[in-house]
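Asker: Build me a model:
(2 chains)
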2 protein chains.
Amino acid sequence: MSNQWDAVTDADACCAPGALLREPLSAADAADMAVKLKALADPVRLQLFSTIASREGGEACVCDISDGVEVSQPTVSHHLKVLRDAGLLTSQRRASWVYYAVVPQALASLAVLLGADTRTEVPA
Amino acid sequence: MSNQWDAVTDADACCAPGALLREPLSAADAADMAVKLKALADPVRLQLFSTIASREGGEACVCDISDGVEVSQPTVSHHLKVLRDAGLLTSQRRASWVYYAVVPQALASLAVLLGADTRTEVPA
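Answerer: Here you go, the predicted model:
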């Protein structure tokens, strides 16, 4: 069975220096990245996002997502909407419940932005 | 000459699934990460940070940092303070100028958080 994250990045992209480390970001790239980072930059949203992302298939029913976070259901819904509006999650209604799924490309683009250079030079 | 990012991460850590993808984050880890993400979640701060990070040695004089961003020097100083307070930069005064340097470990911890799984399975 293929992994949900297959084809999102390759090892070269993952292990290359992050874009932040290579050259000054353009204003357009910075604006795009800031939207996603701002959506993730909240402790409850990080917990909700990681709860969904770590589930089988990277998706979860809204009825299961709030386990472990100390906020009300309406607050959970608000935070999930922020993550969806930033392009980090998608949502789909199935019967009575809404399911949220991670957008792998969105997370990968942030990882590529931040990835630290892992290349080492061997002393002569 | 060794690279400034040597020893910050290794290839296994870089290319492993990000912590966000493996398991739900604890409240403590989420709070810690949210502080750094919030500091980076601004277009001007991302540009300033990348300007410093992409310089030789990952450091730059404050006198050079504002090239290419359309904000005043006091605004640049405010944004640099936010990044420093979040542990993403350090600052040091030398003669008349302040120099800012990236904290490699801080960026690496975010990359490890977000890193997408690059492992692929070869079909049988």
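Asker: Just give me the neighbour total for A:A27.
Answerer: Residues contacting A:A27 under the criterion other Cβ atoms under 10 Å in any protein chain shown number 15. C-beta coordinates here come from the backbone N, C-alpha and C atoms, glycine included.
Asker: That should have said A:V98, apologies.
Answerer: Applying other Cβ under 10 Å, I find that A:V98 has 14 neighbouring residues.
Asker: Now it: closest residue in space, sequence neighbours ignored.
Answerer: Nearest residue to A:V98, sequence neighbours excluded (Cβ to Cβ, 6 or more residues apart in numbering or on different chains): A:V62, at 4.7 Å.
Asker: In this structure that neighbour contacts A:R94, no?
Answerer: No. Counting by Cβ atoms under 8 Å, A:R94 is not a contact partner of A:V62; they are 10.6 Å apart.
Asker: For these two, work out which one has more neighbours and name it.
Answerer: A:V62 (18 against 8).
Asker: where does that one land on pLDDT?
Answerer: At A:V62, the model reports a pLDDT of 87.
Asker: Give me the most central residue, chain A.
Answerer: A:L107 (3.6 Å; Cα atoms, centre = their mean).
Asker: I figured that residue hits A:A86, correct?
Answerer: No. A:L107 sits out of contact with A:A86 when judged by Cβ under 8 Å, with a separation of 11.2 Å.
Asker: coming back round to it: report the separation between the residue nearest to the centre of chain A and chain B.
Answerer: 6 Å (Cβ to the nearest Cβ, to the nearest Å).
Asker: And that residue, which helix or strand is it part of?
Answerer: Secondary structure assignment for A:L107, by DSSP states H and E: helix A:104-114.
Asker: List the buried residues in that helix.
Answerer: A:104, A:106-114 (16 or more other Cβ atoms under 10 Å in any protein chain shown).
Asker: who touches stretch A:52-60?
Answerer: Among residues not part of stretch A:52-60, those counted as contacts by Cβ atoms under 8 Å, 6 or more residues apart in numbering or on different chains are A:4-5, A:51, A:65, A:89, A:99-102, A:104, A:107, B:20-24.
Asker: Please identify the buried residues of it?
Answerer: Of the residues in stretch A:52-60, those buried (16+ other Cβ under 10 Å) are A:52-55, A:58-60.
Asker: now, among these, which is nearest to B:S77?
Answerer: A:A53 (36.7 Å; Cβ to Cβ).
Asker: Can you tell me how far the closest one is from B:L107?
Answerer: Summarising the geometry, the distance separating A:A53 from B:L107, computed by Cβ to Cβ, to the nearest Å, is 21 Å.
Asker: Kindly report the same for A:V62.
Answerer: The spacing between A:V62 and B:L107, counted by Cβ to Cβ, is 33 Å.
Asker: How about A:D29: what's its closest non-neighbour residue?
Answerer: Ranked by Cβ to Cβ, 6+ apart and with sequence neighbours excluded, the top spatial neighbour of A:D29 is A:A19, at 7.4 Å.
Asker: for the one you found, what are its contacts?
Answerer: Contacts were defined as Cβ under 8 Å, 6+ apart; by that measure A:A19 touches A:25, A:29, A:112-113, B:50.
Asker: show me where chain A has helices.
Answerer: Taking DSSP state H to define them, one finds helices in chain A at A:11-15, A:19-22, A:27-40, A:43-53, A:62-65, A:73-85, A:104-114.
Asker: distance between the fifth one and the chain's centre?
Answerer: A distance of 18 Å separates the centroid of the chain from that of helix A:62-65, by Cα atoms, centre = their mean, to the nearest Å.
Asker: And for the longest one?
Answerer: Relative to the mean C-alpha coordinate of its chain, helix A:27-40 is positioned 12 Å out (Cα atoms, centre = their mean).
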